[in-house]
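J.: the amino acid sequence is not available; the structure is as follows:
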């Protein structure tokens, strides 16, 4: 039986330019292999292995209005070095 624990969560409205700057910072940190996240409720520091699993998902939800989301998720085994490959084009 698996158990999921949320170590960090943050959600806030940003302009497209602000999102771009945050994503650029995240890219730099991924290249360095370490990323630290913090907000008013907590923080987490992550050591990233050389190989990660990258999942990109687009969802659409329709109620009165149509809402779309783009999710970018990185996964890895703690202490492991999984290999994955993805082509973006």
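T.: Perfect, thanks for sending it. No experiment lies behind these values; they were computed from the predicted model shown. Numbering: from 1, shown residues only.
J.: what residues of stretch 50-59 count as buried?
T.: Buried residues in stretch 50-59, counted by 16 or more other Cβ atoms under 10 Å: residue 52. Backbone N, C-alpha and C define where each C-beta goes, glycine included.
J.: confidence score at the residue nearest to the spatial centre of the chain?
T.: In the chain, the centroid-proximal residue (Cα atoms, centre = their mean) is residue 73; its distance is 4.4 Å. Here the pLDDT value assigned to residue 73 is 97.
J.: that one is in contact with residue 52, isn't it?
T.: No. Assessed by Cβ atoms under 8 Å, residue 73 is found out of contact with residue 52, at 9.8 Å.
J.: you'd agree the residue nearest to the centre of the chain is in a strand?
T.: Yes. Using DSSP: H, G, I helix; E, B strand; the rest coil, the assignment for residue 73 is a strand.
J.: which residues touch it?
T.: If a contact means Cβ atoms under 8 Å, 6 or more residues apart in numbering, then residue 73 has 54-57 as its contacts.
J.: any chance of those residues in a markdown table, plus pLDDT?
T.: Shown next, in a markdown table, are the contacts of residue 73 (pLDDT from 0 to 100):
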| residue | pLDDT |
| --- | --- |
| 54 | 97 |
| 55 | 98 |
| 56 | 98 |
| 57 | 98 |
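J.: what is the nearest of those to residue 15?
T.: Nearest to residue 15, judged by Cβ to Cβ, of the contacts of residue 73 is residue 56 at 22.1 Å.
J.: residues in contact with the closest one?
T.: By Cβ under 8 Å, 6+ apart, the neighbours of residue 56 are 70-73, 86.
J.: now residue 78, what's its secondary structure?
T.: Under three-state DSSP, residue 78 falls in the coil class.
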